[in-house]
Structures are given as C-alpha cells and as structure tokens.
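Novice: 3D, please:
(one chain, ligands or ions: 2)
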Amino acid sequence: MDVVTVEHLSKSYGDLQVLSDISFSVREGEVLAIIGPSGSGKSTLLRAVTHLEPATGGSIAVCGTRILDGGVYADPATLRAALLKLGLVFQDFNLFPHFSVLRNITEAQVRVLRRGKDEARAVALALLDKMGLADKAAAYPCELSGGQKQRVSIARALALDPKVLLFDEPTSALDPELTGEILKVMRTLAAEKRTMVVVTHEMGFAREVADRAMLMDAGVIVEEGPARELIDNPRNERTRAFLKRFS
Ligand code: ADP
Ligand code: MG
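Specialist: Ligands and ions are numbered 1, 2, ... in the order given. Okay, here's the model as predicted:
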C-alpha cells in the first residue's frame, strides 16, 4: 500500500518554478532517500507534502486520503487529520528553547492528539529511553549537544504516531562525530520497518539503508530506482555528475 502518493506536483514562488511535475509514491515500510544538489527543491518538496508550504498544482494523497487534488486542497478537517500521519524532522531541530526536553515531546500529544498528561509523559519517557536520553527529560535544549537535540526531535515526531517520518538533512547541522549517532537511530527505525523519506547527503547511509532513491535537480526528479543501483550505476548524466562529488 502507498502511504504517500504525489502526482504532478508543482510549486512556484512568484516567477520562480521550484518544483515541476513531481510524481512519486512511498510504500508502507520502505525507506526512500532523496538526494540532489543544494537548491534543487528537496526541502520545498518535503514542505509541500507536509503543507508547511502550499503547493501550486498537482495532487497528494496520504494513506488513501486526497489532501490536494488538481491544485485544490481538501477541507481543513480532512487536511488536518491526514497531515497528522506525517512526522517531519528538520535539519536544525526546531525544538522549543523555553520548554524542557520532556515538554517538547508531550506538548503536541496533549494539544493535538488530546492525550492525557500522564499518558503523554509515559510515551515521552519511553521514547527518550529508546533514544538513550532517559536522563535528559528535565534538561533544556540549550544544555544538549546537536546529536542529542536531533534525537529529541525524532522522539517528538515519533510521539505523534506518524505513518511516515520525513527527514530533511537530519545530520547536516551536526559535527561529523555526532552524525553517526543519528544515522544509527535512523538505521534502527528502518530495521523496525518504519516508513521513512530521508533527504540526505550521506550516500553511504542512502546506499545501505534506503530501499529506493531519487535524484532531484532543478525542481524535477531526474532519476529514480533501487537505492544501491542508482548510487552504484547511475544511468542519467546529471546523477553521475552529482555522485562524482562523493567518490
Ligand atoms: P534544497 O533543499 O534542495 O537545497 P530548496 O527546496 O531549499 O532546495 O530550494 C529550492 C529553490 O527554491 C531554491 O532556488 C531556493 O532559493 C528557492 N526557495 C526556497 N524557499 C523559498 C522561499 N520561501 N521564497 C523564495 N524562494 C525560495
Ligand atoms: Mg534543503
């Protein structure tokens, strides 16, 4: 089953066409890596799918619910319910600086899912434990390393029980020695068969962990296929040129 289906998606900022005729789907349980040069539209694509930025045309379905149909959005209640199935993890963590780690993870559970405080707390503590951060519940984001902040933001996304996790360069703001700890968490999530879409420049991770990969350039999907095949034997000239930078 497809968890996300995108058809002919387009997005422009004024005269600047940032996404053109983007079509792809994400199947349940798979990891899809999105690679491509800076400025190619990767973040805009994740932001359009999660409705942080409205698309200008095309269609999007999430778990069978059409949230965008020929450039027209579903009604607010349908949209809100469907978007809850998408969990986004940002490059720069986006934690609330004035909330403790625990409250960063409980806040949306209580406000959005209407969970009771005790249940939200139990969910948060279990996720912090899973992330190796059981002792950081009372800490504030400023007291954490970048890797710890990113693990908190992954816990925050997981707390809302999304059907798919979307990561926008989750390790790009981290020192190389902290990148490994986040990739390890993501490997664990992949092994648990979580559906994930990962924008990344970590080609080793994409090659080993992702099932499929797609290369974006200048707002279009240039090539798409099994991750290992695409990275080891790119067919398209633009994919080849891009991957050369990593070898
Ligand atoms: P990537 O994530 O692949 O680096 P982005 O999606 O961030 O690329 O950006 C794609 C293009 O859209 C770039 O040319 C960028 O300058 C432009 N862009 C992104 N956000 C905005 C915005 N809010 N207003 C105008 N242009 C934008
Ligand atoms: Mg980006």
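
Novice: burial check on T50, number of neighbours?
Specialist: 18 (other CB atoms under 10 Å). Placement of C-beta: from N, CA and C, glycine included.

Novice: quick check: it vs L79, distance?
Specialist: 11 Å (CB to CB, to the nearest Å).

Novice: so how far is ligand 2 from the most centrally placed residue in the chain?
Specialist: For the chain, the residue sitting closest to the mean C-alpha position, by CA atoms, centre = their mean, is L166 at 1.5 Å. Distance, L166 to ligand 2, by CB to the ion, to the nearest Å: 12 Å.

Novice: the helix ranked longest in the chain - contacts with which helices or strands?
Specialist: Using DSSP state H, we find that the single longest helix of the chain is helix 176-191. Applying 3 or more CB pairs under 8 Å, 6 or more residues apart in numbering; DSSP states H and E, one finds that helix 176-191 contacts helix 146-158, strand 195-199, helix 203-209.

Novice: let's see that helix as CSV, backbone CA atoms only.
Specialist: Backbone C-alpha positions of helix 176-191 (Å, rounded to 0.1, in the frame of the first residue of the first chain) are rendered in CSV as follows:
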residue,chain,number,x,y,z
PRO,A,176,30.9,14.6,11.8
GLU,A,177,31.3,12.7,15.1
LEU,A,178,27.7,13.4,16.0
THR,A,179,26.3,12.4,12.6
GLY,A,180,26.9,8.7,13.3
GLU,A,181,24.7,8.6,16.4
ILE,A,182,21.7,10.0,14.4
LEU,A,183,22.3,7.6,11.4
LYS,A,184,22.4,4.8,14.0
VAL,A,185,18.9,5.8,15.3
MET,A,186,17.6,6.0,11.7
ARG,A,187,19.0,2.6,10.9
THR,A,188,17.1,1.2,13.9
LEU,A,189,13.9,2.9,12.8
ALA,A,190,14.4,1.4,9.3
ALA,A,191,15.0,-2.1,10.8
